[in-house]
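Q: kindly generate the corresponding structure for this input.
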Amino acid sequence: MESSPEVVNIERVDDIPLLLAQMKKMEIASLLDAHFPVKISEDGLFQFRAQ
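A: Residues are numbered from 1 along each chain as shown. Next up, the predicted model:
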């Protein structure tokens, strides 16, 4: 009985999903919002307010 060689497939996992999950866990968005407040103008454009 012949044994066939074992085939191993390796798939690359990018760091982007990992980094996004970690930033969400660390609540980075709320920290950025606290330090860089944004005002939405009447025409729907975002404007950064200087502190």
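Q: quick one: low-confidence parts of the protein?
A: Scanning the chain for pLDDT under 70 picks out the ranges 1, 47-51.
Q: and the helices in it?
A: Counting by DSSP state H, one finds helices in the chain at the ranges 16-25, 28-35.
Q: pull out the buried residues from the last one.
A: Of all the residues in helix 28-35, not one is buried under the rule 16 or more other Cβ atoms under 10 Å. C-beta: built from backbone N, CA, C; applies to glycine.
Q: send me it as CSV with only the CA atoms.
A: Listed in CSV are the C-alpha atoms of helix 28-35, where the atom choice follows Å, rounded to 0.1, in the frame of the first residue of the first chain:
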residue,chain,number,x,y,z
ILE,A,28,-9.5,54.1,20.5
ALA,A,29,-12.5,55.7,18.7
SER,A,30,-13.8,57.3,21.9
LEU,A,31,-10.3,58.5,22.8
LEU,A,32,-9.9,60.2,19.4
ASP,A,33,-13.3,61.7,19.7
ALA,A,34,-12.5,63.2,23.1
HIS,A,35,-9.2,64.7,21.8
